[in-house]
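*Asks:* coords please:
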Amino acid sequence: MSPNQEKLTRADAIRARRKLERVNPKKTLSEEQAFLRNTESVSKVVTRRSSAEEHLPYNAGAVGKKSVYVRTNNRGSEIRLPALPNIRLPWRVLSALIVIACAVAIYYFQFSDLFKVRSVNIAGTNRISQQALLNAMKIENSSMMDLHPEELQSKLLTAFPEIRDVKIMTRLPNEVNILITERQPLITWFLNEKPAYWIDEEGYTFPIRGEQIGTPFFIYADGEPPYPLGYPMELQVNPSLSKQAPRLKLNPSVDPDFVLSVQKLNERLPESYTLKYEKDKGLAWQDPNGWTVYFGNRSADMDQKLNEYDAIVKAILDKNLQPTMVSMQFLHAPYYRTEP
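*Replies:* Prediction:
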């Protein structure tokens with residue numbers, strides 16, 4: 001190796017070797033060959049994603065575009081359609097839209113004339129006029145959103161004691177259907193020879209209103225009928241009060257056992273008999289033999305009392321006695337009195 005070669009660097013050696021090598025010029029392609037080469041390269045394109053792109057975090061609020069490609073008959077070519085937006089709303093925005101939609105719907109139901117009460121259908125009433133019921137409820141031209149069936153039921157039951165049950169059903173857009181069950185009077189209670197009120201078989205009293213099919217039992221009294229005892233105190237909510245304060249649920253005004261006693265006596269007595277009531281001695285009537293007989297207020301042993309009374313009347317007539325009063329208040333201690 002000569003001293004000159006030792007002083008050459010590696011870069012100088014490469015330059016010297018390139019000068020000695022023959023340079024082959026690039027082969028030029030024709031236009032047709034260049035088009036075919038480009039077509040083959042396009043058809044062989046493969047898209048690859050790195051692992052970093054596959055695990056990118058998902059952003060719920062991101063808005064992207066979804067590209068759509070349609071293939072053509074030419075190999076390696078396709079048409080790209082306009083991109084469609086891929087909208088993803090956050091849950092808070094979606095909740096806000098739902099709240100706004102509900103508010104608009106409530107406002108429309110509340111103030112639209114379409115949902116104003118226009119038709120009120122009432123069935124089941126014989127003695128109460130429909131106009132009186134409408135005046136008590138005051139629902140004409142009211143919004144259907146403001147109607148509360150429980151509150152309307154309470155109003156009707158409070159205003160009309162003769163109503164036993166009421167059902168209220170609403171039907172959109174503006175119809176209200178009311179079904180009423182009235183109490184049937186069993187007893188007409190007279191005070192000072194004047195009719196005071198009716199009493200039904202459950203012991204509830206209500207004013208005499210309208211006409212009644214059939215004739216209730218007449219009782220001429222010197223005071224009020226016996227009040228029921230032993231009923232539990234039941235609480236219910238009064239919708240008419242703003243603070244929903246509880247109030248006592250109404251119990252029967254008359255002892256139901258007393259009403260049962262009246263029914264049993266009327267089954268045994270002739271139609272010409274007139275029942276009377278005295279507060280201290282109970283139910284009574286004027287016997288055709290000239291005396292007054294008292295049977296008390298309780299229905300217990302009523303049939304035995306009547307049988308026992310028949311035996312006492314026979315004994316009185318056999319002894320040719322003329323009592324002024326016969327008491328059958330107590331089954332095992334009947335008595336009669338011959339002096340006033």
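
*Asks:* got the contact list for stretch 282-292?
*Replies:* By C-beta atoms under 8 Å, 6 or more residues apart in numbering, the surrounding residues in contact with stretch 282-292 are 219, 261-262, 265, 269, 273-278, 293-297, 313, 316-317, 322-326, 329, 336. Placement of C-beta: from N, CA and C, glycine included.

*Asks:* Go through it and flag the buried ones.
*Replies:* For stretch 282-292, the neighbour count (16 or more other C-beta atoms under 10 Å) marks G282, L283, A284, D287, W291, T292 as buried.

*Asks:* try stretch 324-340
*Replies:* With burial defined by 16+ other C-beta under 10 Å, the residues of stretch 324-340 counted as buried are M325, V326, S327, M328, Q329, P334, Y336.

*Asks:* Make a markdown table out of these and add pLDDT and distance to A159.
*Replies:* Listed next are those as a markdown table, based on pLDDT from 0 to 100; distance: C-beta to C-beta, whole Å:
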| residue | pLDDT | distance to A159 |
| --- | --- | --- |
| M325 | 94 | 44 |
| V326 | 95 | 45 |
| S327 | 95 | 43 |
| M328 | 93 | 42 |
| Q329 | 92 | 39 |
| P334 | 93 | 46 |
| Y336 | 91 | 49 |
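
*Asks:* Can you pick out the most distant pair from those residues?
*Replies:* Q329 and Y336 (12.2 Å; C-beta to C-beta).

*Asks:* Tell me where the longest helix sits in this structure.
*Replies:* helix 91-111 (DSSP state H).

*Asks:* could you say what helices and strands that helix packs with?
*Replies:* Helix 91-111 sits against no helix or strand, with contacts defined as 3 or more C-beta pairs under 8 Å, 6 or more residues apart in numbering; DSSP states H and E.

*Asks:* What segments of the stretch 51-200 of the chain are strands?
*Replies:* Listed in chain order, the strands of the stretch 51-200 of the chain (DSSP state E, counting those that start in this stretch) span 64-71, 78-86, 119-123, 163-171, 175-182, 187-191, 194-199.

*Asks:* next one: the stretch 201-340 of the chain
*Replies:* Ranges of strands in the stretch 201-340 of the chain, per DSSP E, counting those that start in this stretch, are 205-206, 217-221, 235-237, 246-248, 275-278, 282-286, 292-296, 325-327, 335-337.

*Asks:* Save the ones you listed as TSV, and put in distance to H148 too.
*Replies:* Listed next are those as TSV, based on distance: least, C-beta to C-beta, whole Å:
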stretch	distance to H148
strand 205-206	25
strand 217-221	39
strand 235-237	12
strand 246-248	17
strand 275-278	42
strand 282-286	44
strand 292-296	46
strand 325-327	54
strand 335-337	59
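
*Asks:* I'd like to know which of the ones you listed lies nearest to T158.
*Replies:* strand 246-248 (10.2 Å).

*Asks:* Report the mean confidence score over the closest one.
*Replies:* Mean pLDDT, taken over the full extent of strand 246-248, equals 41.

*Asks:* What of stretch 146-163?
*Replies:* 91.

*Asks:* What are the contacting residues of that stretch?
*Replies:* Contacts to stretch 146-163, defined as C-beta under 8 Å, 6+ apart, come from residues 110, 117, 127-128, 132-133, 136-137, 139, 166-170, 176, 180-183, 198, 204-207, 209, 238-240.
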